[in-house]
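Asker: Give me a model of this one.
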Amino acid sequence: MWRRSETLTPAVPAGSQKRRPATGSPRRLAAAALLAAAIGLTHIQLPGWPFLAGSLPLAGLAALAAAAGGCGGSLEPERQATVGSEAEWAWLLDAKRVLDGKRGELAALGGPAAVPSPPADTAPPAAATAARDRLAREIDVLAQQLGRRLIAYINASPPVEGEPLSARQLAALRMKSDEEIVVAHEFIARAGDYRRAGEIYEAALAADPENPRLREELAHAREARYMSAERFTRATPGMTAEQVKAVLGAPNAHDVRSDPGRGVVGWFYPKDASGAAAAVWFARRDGTLTVYLCDWSSLPVAPALAAPGPAPGPEKKPPDAAPSP
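Answerer: Model (predicted):
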């Protein structure tokens, strides 16, 4: 995953002399980042161009790198092209193409670890799991490398305040936005965290406000964060966990409750900010965890919430049912 540890240079005020920010070499930036963490520096907000939470601007890292320049060792032994050059842009395009291809391969293998699912009766072959994990690590390394070099490329030629972006600047910014969308999707897939995904989209829109895809993704995350009565009716008793994910989305990992002794699992979907939640309960039948109860009026999520016993037959409470006592 691209850990979003760098930030963008602020737009150059119109009429002022354009100056390229000091970005420093990746080795020095890495050393500076370690130094910054060691002395407890926090992020610095830059006006006119968004920064990413928990980070230092590249110019600040470069200044720290000058102090850390005596550090030996190679922290990032990768080929470096001239920042802002045609060769660097070609590398970014090729890296993005390769990365998207590997992500497609990973999706075909089942994707990265997602929200905790009910344990399956048969585990996937060890060889298949090892291949998926190895591919996931390759993707993580390449995504981080792409992220660092893309940020450096954008910062090498920052936008001018009040002037439109050039075609190349816009293409680079859209590539960055696409990577932000991938990160947000991972938060959703791994933990059902639509709130965090929405924050990522909002931050990306601050830098790329005219991006229609970002706006669509943000609208979807806001809509999916809370469960509606209409959407909840799509889940029915008899469905498997994967079928519930397909119609309701993955629950937040913190909102999954299980009772191994009874063999039941509850997925809770918040309905609003008050803490009220709808619940989907699974029980093992014929070796498969299957929905036995869809409870729109479940109690607010709480660690000590007791699981209702499986009903003799399929049961589904209507969305307008009275709250459980």
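Asker: so where is the stretch 151-300 of the chain shaky, pLDDT-wise?
Answerer: Across the stretch 151-300 of the chain, the stretches falling below the confidence threshold (pLDDT under 70) are 299-300.
Asker: What segments of it are helices?
Answerer: Under the criterion DSSP state H, counting those that start in this stretch, the stretch 151-300 of the chain contains helices at 167-191, 194-207, 212-225, 229-232, 241-248.
Asker: Which residue ranges make up the domains of this protein?
Answerer: By the assignment in automatic domain parsing, the chain contains the domains 77-224, 229-316.
Asker: Mind putting the ones you listed into a markdown table with mean neighbour count and distance to residue 8?
Answerer: Yep, even glycine has a C-beta here, placed from its N, CA and C like the rest. Rendered in a markdown table, the data for the domains of the chain read as follows (neighbours: other CB atoms under 10 Å; distance: least, CB to CB, whole Å):
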| stretch | mean neighbour count | distance to residue 8 |
| --- | --- | --- |
| domain 77-224 | 16 | 6 |
| domain 229-316 | 17 | 30 |
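Asker: which SSE is residue 96 in?
Answerer: helix 86-108 (DSSP states H and E).
Asker: Just the angle for that helix relative to helix 167-191, thanks.
Answerer: Here helix 86-108 points in a direction 20 degrees away from that of helix 167-191 (axes from the mean of the first three to the mean of the last three CA atoms, to 10 degrees).
Asker: Pull the residues that contact helix 86-108.
Answerer: For helix 86-108, contacts defined as CB atoms under 8 Å, 6 or more residues apart in numbering pick out 81-82, 112, 132, 135-136, 138-139, 142-143, 145-146, 149-150, 153, 168, 172, 175, 178, 182.
Asker: pLDDT of it, averaged?
Answerer: Throughout helix 86-108, pLDDT has a mean value of 95.
Asker: Quote the end-to-end distance of stretch 249-261.
Answerer: End-to-end span of stretch 249-261 (CA to CA, to the nearest Å): 26 Å.
Asker: Next: stretch 149-167.
Answerer: Start-to-end, stretch 149-167 (CA to CA) is 19 Å.
Asker: Spit out the contact partners of residue 221.
Answerer: Residues near residue 221 by CB under 8 Å, 6+ apart: 184, 188, 194, 197-198, 201.
Asker: Name the residues that touch stretch 207-217?
Answerer: 8, 49-50, 173-174, 176-178, 180-181, 184, 197, 201, 204-205.
Asker: May I have it as PDB, with CA atoms only?
Answerer: Presented in PDB, the C-alpha positions along stretch 207-217 are these (Å, rounded to 0.1, in the frame of the first residue of the first chain):
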ATOM      1  CA  ALA A 207      -5.500  18.900  -4.700                       C
ATOM      2  CA  ASP A 208      -7.500  17.700  -7.600                       C
ATOM      3  CA  PRO A 209     -11.000  19.400  -7.200                       C
ATOM      4  CA  GLU A 210     -12.100  18.900 -10.800                       C
ATOM      5  CA  ASN A 211     -11.700  15.100 -10.700                       C
ATOM      6  CA  PRO A 212     -15.100  13.500 -11.300                       C
ATOM      7  CA  ARG A 213     -14.000  10.100 -10.200                       C
ATOM      8  CA  LEU A 214     -12.900  11.400  -6.800                       C
ATOM      9  CA  ARG A 215     -16.300  13.000  -6.400                       C
ATOM     10  CA  GLU A 216     -18.100   9.800  -7.300                       C
ATOM     11  CA  GLU A 217     -16.000   7.800  -4.900                       C
END
